[in-house]
Every structure is written in C-alpha cells, then in structure tokens.
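S.K.: Sequence and predicted structure below; questions after.
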Amino acid sequence: MVYRMIFNQTAYFGRGAIKEIPGVAKSHGFTKAFIVTDPVLLETGTAKKVTDVLDEAGMPYEVFSNVKPNPPVECIQDGVAKFAASGADFLIGLGGGSPQDTCKGIGIITANPEFSDVLSLEGVADTKNPSVPIFGVPTTAGTASETTINYVVTDTANKRKFVAVDPHDIPIVAFVDPDLTDSMPRGLKVATGLDALTHAIEGYITPGAWSLSDCLSMQTIRMIAKNLAKSADGDIPAGEQMAYASYITGMAYSNVGLGLVHGMAHPLGGRLGVAHGVANGILLAPVMEYNKDFTGEKYRDIADAFGVEDAYTGDLDKVREEAVQAVHQLTVDLKNPTTISEVGATEADLDALANDAFHDVCTPGNPRQATQEDILAIYKSLM
C-alpha cells in the first residue's frame, strides 16, 4: 500500500503569526494581495488586523468581501473577475471555511480557466496548473481549509453542496494566529469545534487512515475533548489549543478522507442552509453508533480521550457505546441541536437529503458502506 500526504510548504503558529505575512510575501516576490474575506469580518474589525499589518509594511492589497456562507458558484465567479481586474499576484484567504473555500475556487479557476463554470470542479478535479499562490489565514478553529486540498461549493440552482478535491488548491503558506479566533461568538466556537472533532474522528476511522494520519487525528481528538467546552465558555488558552487542533486534524483528513457524517451534513447545508459544523454535531454520535461494529479497536482510543475509565480494559462493545455516548454528551452540553427537525428539516425533505448524501464524495470513505436506505433511516431517526 502506498500513502500520499500533502501539506503546506510552510506554516506559522502562535499569537502574532499574521505579522509574518508581509515578509513571507516579499520573500516570494509577491507585490499585491487580494484578500478574500466576508462582510462580518470586515464589520467586526477582524479583517483590519491583517490589513493593518499590510499597511504598516507598505504592501498594497485589495479586499473582496462578496462571500456568503456555504459559498455559491456565483460568488467564486465574481471573485475571479475581481481578481483579474485587481493586478494582485497572490491571494489571502481570511476567515472560516466559506472565505477560504471561495479563495481556493478563485485561485484554481484563474490558473485553470477551462473550469470557469465551477461545477466541473466537483470531485477529483483534473486541473493542470497550481492555483494562484494562496496564504491561508483562519479566523475559526474548525474547517482547517488553510491546510487542506479540499473546498466546498454550493450549486444554488440545484440546492446542493459539492466537494472539490485538488492538490493544486492547497495554500502555500498558513498563518494560524489565535488572536484572530479569540473573538468568535460562542455559537461559532461550538459549531467549528464540532466540525474539527468530526474531521478528527472520521479521519481516524476511515479505511484510508494509516499510522501518520492516526497520530494527527488521535492527538486532535484528545485536544478537542479537553478544550472545546472550555473554549466555548471563553477560556483563552483553551481557544488557542482549538486553533492548533483544527490545523492538525486538517493535515490528516485532507489526505485520508472523511465519511458518512460529512456525506449527510453537506445536503443539510445545500438544501436547508444549515451551518456545516451544526449539522456535523447533530450527526456525529448517531453515525458513530451506526459505524461502531466496523471500527476495530479504535473506539477504545476515542473513549480514553474522553476520560472513559475502562477504555482499554472493558468489553469492546461496551467501550464502543461509551465512546458514542461521550460524544453525544459533549454535543448536548454544548447546546448544539441533536435533531434535524430543530434546523428546519421536514419529512418531505428526507428522500432528497438521502439521495444527495448517498452520492456525496465523502460517503465512500465511511468504514461501513451505507446504502441509501441506511442513510434515510438515520435521517428519520433524527427527526
């Protein structure tokens, strides 16, 4: 078996990491930045923390903020046109998953204009050229877009989200600065933290996992189990650990894949507009329950990370259930929804959701091969 692992060329971690951006840009010979962000980050002053650094260094930039949650095709196409007119020679993806995914789409299509419809990027895109160089600057601790080869786009015409998987889109440099994630509101900390936990658990149990990815995924599970609730309650050191945990698990799942939680979460976002991390939080424990007999001994490690005392000595079936219940209890404690009816799903939506989930690019990475009927039954159980 041959394993491929793709990481950023370089990454900077720690408070004040964004101060490295101008020097790194100049070392690459870049002269003007095109910053892709969203209106909220402009309004809250988070984006200004980065533009102030560029201003102080005398580096020109242009800001593109026409980014919407679950980024639609049209936003990416608008960004491609704006980038072409800007005279910029590198991109800064500043934000959570939506700005960074939009940024990747802009960079890829600019370098590969034959994919300008955006829709043809779905799945493993056969692009020929690396993206316009991207600096990934996260402001949330969840998606890890700054270190992944994936991005998610919404096909608004058909009310569906799809995943593009492309090594050409990985940012060449990441700047993980907890000063940018401290100010997230509680709900966003919960949602993005549950997204990161889902990445870690799915990346740990997917059949594509191996020794190196397991090290990264398992370390992340331990970090999140210890820090997510405290971070949501405003603990600054815990929030810093969550920023790093998100990146660490991104290195793993980007290379080995995800599973049915993401496969089922994407339709909730595409059809109903449910925030991705919220959807993952609803689905994670139920899908873990569905998968538990197909995961070998790995739930022992997950149970241990959550403090289950008999994780390595108890009956395997019992420990697997304890791992599921620990994740479920965390979701409840964080006050994330636990049913899809809470986020607007109705019985009339279920068949379409199940069809979309069955065909999602993440679903084949599940340790238990799910039928469309299985998926429909899980959705129904969560009404």
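M.R.: That came in fine, so what should we check first? Since the structure is predicted, the reported quantities are computational estimates derived from the model, not experimental observations.

S.K.: Could I get the contacting residues of the residue positioned nearest the centre of the chain?
M.R.: When CA atoms, centre = their mean is applied to the chain, the residue found nearest the centroid is T143 (2.3 Å). T143 sits next to 96-97, 100-101, 192, 195, 246, 250, 276 when contact means CB atoms under 8 Å, 6 or more residues apart in numbering. (C-beta placed from N, C-alpha, C; glycine too.)

S.K.: And what about it, helix, strand or coil?
M.R.: Put simply, T143 is coil when judged by DSSP: H, G, I helix; E, B strand; the rest coil.

S.K.: measure it to R15 for me?
M.R.: 20 Å (CB to CB, to the nearest Å).

S.K.: Over to L216?
M.R.: From L216 to R15 the distance is 23 Å (CB to CB).

S.K.: go on, D293?
M.R.: 44 Å.

S.K.: now swap in M251 and tell me
M.R.: With distances taken as CB to CB, M251 is found 21 Å from R15.

S.K.: In terms of packing, which of these two has more residues around it?
M.R.: M251 (24 against 14; other CB atoms under 10 Å).

S.K.: Tell me the confidence at that one?
M.R.: Per-residue pLDDT puts M251 at 97.

S.K.: That one in helix, strand or coil?
M.R.: helix.

S.K.: who's in contact with it?
M.R.: By CB under 8 Å, 6+ apart, the residues touching M251 are 5, 7, 144, 147, 216.

S.K.: And E321, by the same measure?
M.R.: E321 neighbours (CB under 8 Å, 6+ apart): 289, 292.

S.K.: and with 10 Å instead?
M.R.: By CB atoms under 10 Å, 6 or more residues apart in numbering, the contact list for E321 reads 288-289, 292, 299, 303, 314-315.

S.K.: separation between it and D293?
M.R.: On the measure of CB to CB, E321 and D293 end up 11 Å apart.

S.K.: Kindly report the same for T220.
M.R.: T220 sits 24 Å away from D293 when distances are taken as CB to CB.

S.K.: cool, and S217?
M.R.: Counting by CB to CB, the gap from S217 to D293 is 20 Å.

S.K.: Which of these two has more residues huddled nearby?
M.R.: S217 (28 against 13).

S.K.: can you tell me the helix or strand for that one?
M.R.: Element membership for S217, per DSSP states H and E: helix 211-232.

S.K.: For that helix, buried residues please.
M.R.: Applying a neighbour-count criterion of 16 or more other CB atoms under 10 Å, the buried positions in helix 211-232 are 213-214, 216-229, 231-232.

S.K.: Stretch 66-78 too?
M.R.: Neighbour-count burial for stretch 66-78 [16+ other CB under 10 Å]: 66-67, 69-73, 75-78.

S.K.: and what of stretch 371-383?
M.R.: 374-376, 378-379, 382.

S.K.: what's in contact with that stretch?
M.R.: For stretch 371-383, contacts defined as CB under 10 Å, 6+ apart pick out 260, 263-264, 267-268, 282-283, 286-287, 289-290, 337-343, 345-347, 349-351, 353-360, 363, 366, 368, 370.

S.K.: returning to that earlier point: with the buried residues of stretch 371-383 in mind, which one is nearest to Q329?
M.R.: Checking those against Q329 with CB to CB, the nearest one is L382 at 16.8 Å.

S.K.: And the pLDDT for the closest one?
M.R.: 98.

S.K.: Got phi/psi on it?
M.R.: phi -100, psi 10 (degrees, to the nearest 10).

S.K.: mind listing the helices for the stretch 201-350 of the chain?
M.R.: Listed in chain order, the helices found in the stretch 201-350 of the chain under DSSP state H, counting those that start in this stretch are 211-232, 236-256, 260-272, 276-291, 298-305, 316-333, 350-358.

S.K.: when you compare where the longest one runs with where helix 236-256 runs, what's the angle?
M.R.: Taking axes from the mean of the first three to the mean of the last three CA atoms, to 10 degrees, helix 211-232 and helix 236-256 form an angle of 150 degrees between their directions.

S.K.: Could you check how far helix 211-232 is from the centre of its chain?
M.R.: Offset of helix 211-232 from its chain centre (CA atoms, centre = their mean, to the nearest Å): 15 Å.

S.K.: sorry, back to before: spit out the residues that contact E321 and D293 alike.
M.R.: Contacts common to E321 and D293, judged by CB under 10 Å, 6+ apart, are Y299.

S.K.: Give me the nearest residue to F7, chain neighbours excluded.
M.R.: M251 (5.7 Å; CB to CB, 6 or more residues apart in numbering).

S.K.: swap in K230?
M.R.: A238 (3.8 Å).

S.K.: contacting residues for that neighbour?
M.R.: Counted by CB under 10 Å, 6+ apart, A238 has contacts 189, 193, 223, 226-232.

S.K.: Closest one of the contacts of M251 to I205?
M.R.: Using CB to CB, the contacts of M251 come closest to I205 at L216, 13.7 Å.

S.K.: Pretty sure that closest one sits against S246.
M.R.: No: L216 lies out of contact with S246 (CB atoms under 10 Å); the separation is 11.6 Å.

S.K.: for stretch 109-120, how far is the first residue from the last?
M.R.: Start-to-end span of stretch 109-120 (CA to CA, to the nearest Å) is 11 Å.

S.K.: Give me the buried positions along that stretch.
M.R.: Those would be 109-112, 115, 118, for stretch 109-120 by 16+ other CB under 10 Å.
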